[in-house]
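Asks: Turn this into a structure:
(chains A and B)
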2 protein chains.
Amino acid sequence: MSSTFSMVASHSRRTEGEDKIFAANSAAQSAAKTIGPDRVVNASVGALLDDDGSLSVLPTVIELLKNLPAEEYAAYAPIGGLPGFLEAAKKAAFGDFVPNGYIEAVATPGGSGAIRHAIWNYSEMGDAVLTSDWYWGPYKTIAEEHGRKIETYTFFDERDCFHLSSFQRKVHELLQRQNALVILLNSPAHNPTGYSLTMEEWNAVFDCLKAEAANKEKRIILFSDIAYIDFAGNPKESRAFMKLFGNLPENILTIVAFSMSKGYTLYGMRCGAMICISSRKEAAEEFKTVNQFSNRGVWSNGTRPAMTVLTKIFSDPQLLEQIEKERQVLQTLLTERAESFIQEAKRVNLKICPYKAGFFITIPCKYPDAVVAELQKEYIFTVPLGKGIRFAVCSVSKDKCTLVPQKIAAVINKLENL
Amino acid sequence: MSSTFSMVASHSRRTEGEDKIFAANSAAQSAAKTIGPDRVVNASVGALLDDDGSLSVLPTVIELLKNLPAEEYAAYAPIGGLPGFLEAAKKAAFGDFVPNGYIEAVATPGGSGAIRHAIWNYSEMGDAVLTSDWYWGPYKTIAEEHGRKIETYTFFDERDCFHLSSFQRKVHELLQRQNALVILLNSPAHNPTGYSLTMEEWNAVFDCLKAEAANKEKRIILFSDIAYIDFAGNPKESRAFMKLFGNLPENILTIVAFSMSKGYTLYGMRCGAMICISSRKEAAEEFKTVNQFSNRGVWSNGTRPAMTVLTKIFSDPQLLEQIEKERQVLQTLLTERAESFIQEAKRVNLKICPYKAGFFITIPCKYPDAVVAELQKEYIFTVPLGKGIRFAVCSVSKDKCTLVPQKIAAVINKLENL
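Replies: The predicted structure follows:
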C-alpha cells in the first residue's frame, strides 16, 4: 500500500494543522506553568476571563443550571428544540426590536451549528459564501467542510467605516455567477475587529440587497451572526438594526444566529438557535422543516438543560434583571480593558481596526505569523489572521492591556522595516 | 413568485413530516392527559422509564453533573474533546477487550454525530451506505442529509440468525460499484429488534470483509454502533466481539460509536465519541485530523460538563462500581419487562424478531402504519417501521408488557385477514 493511501473520501483529505486559536492557548498555558501566569499575556481565546485568569461566569445562570430536576439533564429535547426555549431565544435575540414577518426558530449547538445549516441548506455545492475580509476563521472551515468556499469583500473603507461599495460590488458579482447567495455578517461587536455597523450602514446593506432581489430568480440569505450582541454596549441600541429584517422582498431570507455561549457564559454547553424572518409564510415554514431535518441528520437534538435554563430566565423578569446586572459588571470590565488598550495604542501610534465593542481588537500588519511568533518570545500570545493579529481583550487584565500596545508596535515596526 | 418557489438549495428540499417516533410520543402524552396515564401504553420513545412513567436516571451520574465547579459548565472543551474524556470513552467502550491496533478518538454529540462524520468522511457523495433491513430510521435521515443513500441486506435468515449470505452478497455487490463502503452495524441489543450478533457471527462478518479487502483498491469502514451496549446483558461478554477489531487488513477501518445517552442516562447532554481502530498508524492519525476538522466545521466542540463527568467516573473505581450497581437495577427492570412480553407473545402466537437484549422488541407485520393506527385506538402507542412495528419495552411497565401482546396479535390478525 502506498504511503499516500488514504482511507477517507476524496473531499475529506485534510492537511493536519492544529487550530490556531487553540494552539496559541496551549502555548500560553504551558508558558504560565513555567514562568508564572503574571508574566504571561494570554490574548488567544475568545472567552471573558476575570483579572485573575479564571473564567468569568454569570453566577445566576450557573445556579439555575446546577439546580434543575434530574430529568432535565437526562431527557432528550425535541429534535427542533424545546418550544419554550425557542420562544425565549427569540426574546433574547430581538429584545424590543421584533421584525415584521414570519418568524421560525430551530435549536442548534451554539452559533456554529446555525452557520452549518445555513450554508448547507441555502447554498449549492461549490458555491461561494460571502463575508468580510476580516472574519472568524471557522467560517472558512465550515464552508470547506461542506464543499463551499469563502469569498470576501473589503470590510473597511479609507475612513474606517463599512466599505459599502466593496460589499455592493461583491454581492453583485456573486449573484451573476450563482442564483443563491449566503452572506455571513457578524455585527455588532464583530469578531475579530470589534466593529459594529451603524443603522445607516445597515440600511445601506438592505438597499443593496433589495436592488439585487429585484431579479426574482435570485435568492439572498443574510445570516446575521449576533454571537457578541450582549457585550456590544447598550443592549437596546445594539438590537435596533434587527427591525430592518422585516418587510423585505420574498426572495430575501434573514437568519439570526442566537448563542448562549457568550451572553450567558455557557460556552461549554453548546446551545443556540437559528431564527429566520421572512415576508413569506411558506419560506419560514420551509426553514423550520428543512433545518429540523438537518438537526436529525447531523447531531439529532440539542442540550436540553441549557434550553431549560433560558426558558426559565425569560419566564421570570426578576431573574432576567439579575442576570443583566451580573452581565453589566462583565461589560464594564471589558470596556475598561478595551479603552486602556486603545488609548495606549493611540499614544504609541499603533494602528488598530475600528473597534466599537466586543471581545477582540485587531491590529493590521504585513507579517502576522512572524509578529505572533516574535510576541510569543515576550510571552504575549495572540492569534494570527490573514492580514493582522487578533488580541483578545476579553481575557487580559486592564493592566496588561495597557502594557501590550507598545510591545506590539515595536515588534511590527521591527519586522516591517527589516 | 410561484407557489413552489423555494428558498433552499436543490439538495435540501424536504417534504414536511414529523419524526414518527416523536409524533407517537406526542400523541401518547396527550392521551395520558385526557384519560389518565394508567390507561395509556406509551411504547414509542427509546428511553428507559420507571414503572411510574418517569425517566430512569443513574443518581450518581446526575449528582456528579450537578456538583461540578462553575467553570466546567461554562468553558469550551477542546475541538476534539477533553483528553481525559477520550481516554475514559475508550475504557467505557472496550472494557477488557481493547483491540490490537492504533486507536484514536474524537468527541461527538452522542452517537448521531459519530454516524454523521463516518458517513461524510468515509463515503463519496452519492454512495450507498449499507445496513440491515431492520434499522434505526435516522440512519436514513443522516445519509440523505449528506447526499448518500441507505441500501440494506436481510438481517435474519430462516433460523432467525444473522443472515450471513445476504450480508456477503450485498457487501460484494456494493464494492463492485464503489471503492469505499461504510457499513453501519448496530449490535449488541440492536435497535429496533434487540438482536445481538454471536461471536461466530462476528467472526463470519470479518471473514467476509477480509476476503473483500484482498482487493487493495477497496476501503471498508465497519461502523460499530454500540449505543445500547450497557443494557445488553453481561457487560463483559457483550464486549468480547470488539477484540476482533484488531489485527485487520490496513484497508479495513473500524469505528466504534460510544454514547453517554443510554449507558449513563445522559440523553439530553449530547455527549459521545467516535473511536477508530486501524492496523496502520497513518489511518488512525488521519481519522483524528479529519474528524477534528469536521467537528470545527459542523458544531465546533462538544458539551464539556458531560465529558468531565465521564472522566471522573473512570478515574475512581468506587464511583464506577456504584454506577454499575445502579445500572444493574435498570438492567433487571428491562429484562423482566422483555421476558414478560416475550412469554406472552409466545402464548398468543405473536411472531417477534429474535430479541436478545435492549430497549426494543419488533413485531413484523404487513401493514405497519395501519397496525399502529389501530393500536392507538386502544391507547397503545408504537412506532411504525418499514416491515413491522417497534415496541419500546424500555418505557412500559412489566404489567403492561404482559397485557399488550394479545392486543397486538388481535389487531394484526384482523388487518391481515381482511
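
Asks: Now do the phi/psi pair for the residue in the stretch 301-418 of chain A that chain B sits nearest to.
Replies: Here the stretch 301-418 of chain A gets closest to chain B at one residue, residue A:304, 3.4 Å apart by CB to the nearest CB. Bear in mind the C-beta positions are built from the backbone N, C-alpha and C, glycine included. Main-chain dihedrals, residue A:304, degrees, to the nearest 10: phi -60, psi -50.

Asks: measure it to residue A:72 for me?
Replies: Distance, residue A:304 to residue A:72, using CB to CB, to the nearest Å: 6 Å.

Asks: Chain B contacts on the stretch 101-250 of chain A?
Replies: Neighbours of chain B within the stretch 101-250 of chain A, by CB under 8 Å from any CB of the partner chain: A:109-110, A:112-113, A:116, A:120-125, A:138, A:141-142, A:144-146, A:180, A:216, A:219, A:221, A:250.

Asks: Of the residues you listed, grab the buried ones for ChimeraX.
Replies: Buried subset of these, written as a ChimeraX selection, criterion 16 or more other CB atoms under 10 Å in any protein chain shown:
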select /A:109,110,112,113,116,120,121,122,123,138,141,142,145,146,180,219,221,250
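
Asks: Surely residue A:382 is in contact with residue A:390?
Replies: Yes. Counting by CB atoms under 8 Å, residue A:382 touches residue A:390, with 6.2 Å between them.

Asks: Are there residues contacting both of those two? Which ones?
Replies: Residues touching both residue A:382 and residue A:390 by CB atoms under 8 Å, 6 or more residues apart in numbering or on different chains: residue A:43.

Asks: Could you pull out the helices in chain A for me?
Replies: Under the criterion DSSP state H, chain A contains helices at A:20-35, A:59-66, A:70-74, A:83-94, A:110-122, A:138-145, A:164-177, A:199-212, A:281-298, A:304-313, A:317-347, A:368-377, A:398-416.

Asks: any chance of those in a markdown table, plus mean pLDDT?
Replies: Below are these laid out as a markdown table (pLDDT from 0 to 100):
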| stretch | mean pLDDT |
| --- | --- |
| helix A:20-35 | 90 |
| helix A:59-66 | 98 |
| helix A:70-74 | 97 |
| helix A:83-94 | 98 |
| helix A:110-122 | 98 |
| helix A:138-145 | 96 |
| helix A:164-177 | 98 |
| helix A:199-212 | 98 |
| helix A:281-298 | 97 |
| helix A:304-313 | 98 |
| helix A:317-347 | 98 |
| helix A:368-377 | 96 |
| helix A:398-416 | 97 |
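
Asks: Distance to residue B:155 for these - can I get that in TSV?
Replies: TSV is the format used below for the helices of chain A (distance: least, CB to CB, whole Å):
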stretch	distance to residue B:155
helix A:20-35	43
helix A:59-66	42
helix A:70-74	30
helix A:83-94	37
helix A:110-122	32
helix A:138-145	33
helix A:164-177	48
helix A:199-212	52
helix A:281-298	23
helix A:304-313	32
helix A:317-347	51
helix A:368-377	54
helix A:398-416	62
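
Asks: closest one to residue A:254 among the ones you listed?
Replies: Nearest to residue A:254, of all the helices of chain A, is helix A:199-212, at 9.4 Å by CB to CB.

Asks: That closest one vs helix A:164-177, what angle?
Replies: If you take axes from the mean of the first three to the mean of the last three CA atoms, to 10 degrees, helix A:199-212 sits at 20 degrees to helix A:164-177.

Asks: before we move on, the earlier item: which residue of residue A:304 and residue A:72 possesses the greater neighbour count?
Replies: Of the pair residue A:304 and residue A:72, residue A:304 is the one with more neighbours under other CB atoms under 10 Å in any protein chain shown, namely 27 against 21.

Asks: For residue A:197, see how far away residue A:221 is.
Replies: 18 Å.

Asks: Apart from its chain neighbours, what residue comes closest to the residue of the stretch 151-300 of chain A found nearest chain B?
Replies: Residue of the stretch 151-300 of chain A nearest chain B, by CB to the nearest CB: residue A:297 (2.8 Å). Across the structure, with CB to CB, 6 or more residues apart in numbering or on different chains as the measure, the residue nearest residue A:297 apart from its sequence neighbours is residue B:145 (2.8 Å).

Asks: what's around residue A:328, how many residues?
Replies: Residue A:328 has 11 nearby residues by other CB under 10 Å.

Asks: In contact with residue A:61, which residues?
Replies: Counting by CB under 8 Å, 6+ apart, the residues that residue A:61 touches are A:264-266, A:309, A:313, A:323.

Asks: go again using 6 Å as the cut-off
Replies: By CB atoms under 6 Å, 6 or more residues apart in numbering or on different chains, residue A:61 lies in contact with residue A:264.

Asks: From residue B:396, how far off is residue A:322?
Replies: Residue A:322 is 43 Å from residue B:396, by CB to CB.

Asks: Of those two, which one has the most company?
Replies: residue B:396 (27 against 17).

Asks: doesn't residue B:43 make contact with that one?
Replies: Yes. With contact defined as CB atoms under 6 Å, residue B:396 reaches residue B:43; the gap is 5.0 Å.

Asks: Show me whatever sits in contact with both of these two.
Replies: Counting by CB under 6 Å, 6+ apart, nothing touches both residue B:396 and residue B:43.

Asks: domain parsing for chain A?
Replies: A:19-57+A:320-416, A:77-315 (automatic domain parsing).

Asks: how about TSV for these, with distance to residue B:280 added?
Replies: Below are these laid out as TSV (distance: least, CB to CB, whole Å):
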stretch	distance to residue B:280
domain A:19-57+A:320-416	25
domain A:77-315	24
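
Asks: wait, which of these is closest to residue B:227?
Replies: Among the domains of chain A, domain A:77-315 comes nearest to residue B:227, with 11.3 Å by CB to CB.

Asks: Quick one: end-to-end length of that closest one, please.
Replies: End-to-end span of domain A:77-315 (CA to CA, to the nearest Å): 19 Å.

Asks: Check stretch A:147-165 too.
Replies: End-to-end for stretch A:147-165, by CA to CA: 28 Å.

Asks: quick one: is stretch A:73-80 near chain B?
Replies: Yes. If you take CB under 6 Å from any CB of the partner chain as the test, stretch A:73-80 does meet chain B, through A:73-76, A:79.

Asks: so how far does that stretch reach from one end to the other?
Replies: Across stretch A:73-80, first to last residue, CA to CA, it's 17 Å.
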